[in-house]
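**Student:** quick one, fold the following:
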Amino acid sequence: MTRLLRSSLLILLATQVWAAQDIAAVEQRVEALRQQLRDVTDRQTKLQAREQELDESLRPDNIEKSVAGIGTTDATALRDRRREQLEREKASVAEQLQSLDASRARLEAAIATAEAEAVRLRASALGPNNSTPTQTNTPAPTVTAPSASPAKAKRNARRGVKRRKPSKARRRASPRR
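**Tutor:** Below is the predicted model of the structure:
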């Protein structure tokens, strides 16, 4: 009898330790994902600033200023090359921003999934009888109440909320509006 009790306690203890380690691993994964999200956000901010700089540099007067110090016989070709170079760089930055947007969305979804997993593990660690139902993609059935007449609904609403009249002392003390 005591041997059975001891083995049961050992199994229960091992299960609890395993669940705690699993929760810790999920929490570490969440923190790592959050750090990645912060890194992506920082890179995104820097690239957006660079994109604004490129927009400013692409203005015709700024292109003219950037090539003004270079002596050439064909200034138009030089300005065109500079504009093309800036446009290529801007396209590259825009592509990187688009990639970072996709990464950000993916990381946010992964964080939400990992946090949900941590919540599920915590709930299961609290007690074996507190199992949470598995999530499915099927919509919950909608329940519609039978239609009632407006007068009946009003009467039911009045019955549900009973209001007490203030006492005479309260009526005298409260200012009139």
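**Student:** okay, stretch 60-71 in CSV with CA atoms only?
**Tutor:** What follows is stretch 60-71, C-alpha atoms only, in CSV (Å, rounded to 0.1, in the frame of the first residue of the first chain):
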residue,chain,number,x,y,z
PRO,A,60,15.4,67.5,-58.5
ASP,A,61,17.0,70.5,-56.7
ASN,A,62,18.8,68.1,-54.3
ILE,A,63,20.1,65.9,-57.2
GLU,A,64,21.3,69.1,-58.9
LYS,A,65,23.2,70.1,-55.7
SER,A,66,24.7,66.6,-55.3
VAL,A,67,26.3,66.7,-58.8
ALA,A,68,27.1,70.4,-58.9
GLY,A,69,30.7,69.9,-57.7
ILE,A,70,31.5,67.3,-60.4
GLY,A,71,32.9,68.8,-63.6
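**Student:** got a list of contacts for that stretch?
**Tutor:** Glu56, Ser57, Ala75, Leu78, Arg79, Arg82, Arg83, Leu86 (CB atoms under 8 Å, 6 or more residues apart in numbering). For glycine as for every other residue, the C-beta is placed from the backbone atoms N, C-alpha and C.
**Student:** okay, those in CSV with secondary structure and pLDDT next?
**Tutor:** Below are these laid out as CSV (DSSP: H, G, I helix; E, B strand; the rest coil; pLDDT from 0 to 100):
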residue, secondary structure, pLDDT
Glu56, helix, 93
Ser57, helix, 91
Ala75, helix, 80
Leu78, helix, 88
Arg79, helix, 88
Arg82, helix, 88
Arg83, helix, 92
Leu86, helix, 94
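**Student:** which one of those residues is nearest to Ala49?
**Tutor:** Ranked by distance to Ala49 (CB to CB), these are led by Glu56 at 10.8 Å.
**Student:** pLDDT weak spots in this structure?
**Tutor:** 1-21, 127-177 (pLDDT under 70).
**Student:** re earlier: same list (the contacts of stretch 60-71) but as JSON lines, adding distance to Val93.
**Tutor:** Shown next, in JSON lines, are the contacts of stretch 60-71 (distance: CB to CB, whole Å):
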{"residue": "Glu56", "distance to Val93": "13"}
{"residue": "Ser57", "distance to Val93": "12"}
{"residue": "Ala75", "distance to Val93": "27"}
{"residue": "Leu78", "distance to Val93": "23"}
{"residue": "Arg79", "distance to Val93": "21"}
{"residue": "Arg82", "distance to Val93": "17"}
{"residue": "Arg83", "distance to Val93": "16"}
{"residue": "Leu86", "distance to Val93": "10"}
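**Student:** what two of these are the furthest from one another?
**Tutor:** Across the contacts of stretch 60-71, the longest distance by CB to CB is 20.9 Å; it joins Glu56 and Ala75.
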